[in-house]
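> Pasting the sequence and the predicted coordinates here, then a few questions.
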Amino acid sequence: MKLHPLSRIVIVVCLSSASVLYQNLPVMTIGLSVCILLHLVLPVKSNGRMFKLLIRLVPLIFSIFVIQLVFNRNGEVILPLGIINVTRNGLNTAISVSLRLLIILLSGAWLWELTPRQFTQAFRTARLPETLSVMISLSLRFLPMIMEKVRKTALQLRTRGLDIRKLSLPARLGLYRKLIIPVLGWTLKDLKFLAVALDIRGFRNGIRHTNYGEQKLTGIDYLIMTVFILMAFLPLVLLQS
């Protein structure tokens, strides 16, 4: 099933917004399950790369979990460990923050394979400015561009006999500190060429551009968007009424 790009964006916005609006653990668990189900039912080409990135981010998510667990001392103590007391509120907060990060990462990765043309098509369908679509599509690709530059740099260093994986942690951090400026410089240089390409194609020249073979919204798209919008925002409306 091929969804319209606007449907994908609405699904991601609903899942991310629900993860921020609701602090209920069952609701966030359902949101994470929906994200996983989407990747299984409607997989993207970058699923393998996404799961590799998640594996690399596990230490960061675990560190955030521990920090929330240790420094949040409000509520009933459920596990006394001397000067460190694990409280019920601290445990709930730690789990909530970890689930929220996973939901945002999994839902956001569902947009990785959308091209700038598809973003433009989605925003045009929603009657939103074309400039906004280009800005969002470039923002989503900024981090993958940096990761690709880091991977190529590590490969170049390996061909010269320097394997980053075999370095100690202080030496590795020092090497990353020296490489961050060149990597950012190469990335900004690529963005400069992209800006020139946009100017050549007449971006923001005041003329409405058309797309060949533009995809139309179908009944399935309307149904899916309606269901996710109701699931994300209807409980908030009911709680306030």
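On my side now, so go ahead. If you're wondering where the values come from, they're calculated on a predicted model, not measured in any experiment.
> wait, what's in contact with S19?
Shown in contact with S19 (C-beta atoms under 8 Å, 6 or more residues apart in numbering): 28, 31, 99-100, 103-104. (Glycine included, C-beta is placed from N, CA and C.)
> how about 7 Å then?
Neighbouring residues of S19 by C-beta atoms under 7 Å, 6 or more residues apart in numbering: 28, 31, 100, 103-104.
> per-residue confidence at it?
Confidence at S19, expressed as pLDDT, is 84.
> and what of T226?
Note for T226: predicted pLDDT of 90.
> Any figure for the gap between it and L38?
T226 sits 16 Å away from L38, going by C-beta to C-beta, to the nearest Å.
> A109: neighbour count?
Residues lying near A109 (other C-beta atoms under 10 Å) number 22.
> Then V183?
Neighbour tally, V183, other C-beta under 10 Å: 18.
> That one contacts E148, doesn't it?
No: if you go by C-beta atoms under 7 Å, V183 and E148 don't touch, sitting 9.8 Å apart.
> ok, so of the contacts of S19, who is nearest A18?
Taking C-beta to C-beta as the measure, A18 sits nearest to G31 out of those, at 5.6 Å.
> what's near enough to touch that closest one?
Applying C-beta under 7 Å, 6+ apart, we find G31 in contact with 15, 18-19, 103.
> Could you do I104 as well?
16, 19.
> Could you tell me whether it really is in a strand?
No: I104 is assigned helix when assessed by DSSP: H, G, I helix; E, B strand; the rest coil, not a strand.
> And the helix or strand harbouring K178, what's buried?
For K178, the host element (DSSP states H and E) is helix 169-200. Going by neighbour count (16 or more other C-beta atoms under 10 Å), the buried part of helix 169-200 is 175, 179, 183, 186-187.
> got the contact list for stretch 89-101?
By C-beta under 7 Å, 6+ apart, stretch 89-101 touches 19-20, 23, 25, 28-29, 32, 61, 64-65, 68-69, 72-75, 78.
> the strands in this protein, which residues?
77-81, 84-87 (DSSP state E).
> Partner strands of the last one and their direction?
By that I understand strand 84-87. strand 77-81 (antiparallel) (DSSP bridges).
> for this structure, what helix or strand is lowest in average pLDDT?
In the chain, no helix or strand scores lower on mean pLDDT, DSSP states H and E than strand 77-81, which sits at a mean of 68.
> so where is this structure shaky, pLDDT-wise?
1, 43-50, 73, 75-83, 130, 133, 137, 140-144, 201-213, 238-241 (pLDDT under 70).
> can you tell me how far R88 sits from L69?
11 Å.
> now do V183
V183 is 34 Å from L69, by C-beta to C-beta.
> Show me how far stretch 30-39 is from its chain's centre.
Taking C-alpha atoms, centre = their mean, to the nearest Å, the mean C-alpha location of stretch 30-39 is offset from the chain mean by 14 Å.
> list the buried ones in it?
Quick answer for stretch 30-39 (16+ other C-beta under 10 Å): 31-32, 34-35, 38-39.
> who's in contact with the residue nearest the centre of the chain?
What sits nearest the mean C-alpha location of the chain, by C-alpha atoms, centre = their mean, is G108, with 3.3 Å. Neighbour list for G108: V12 [criterion: C-beta under 7 Å, 6+ apart].
> If anything else comes up later, I'll come back, but that's it for now.
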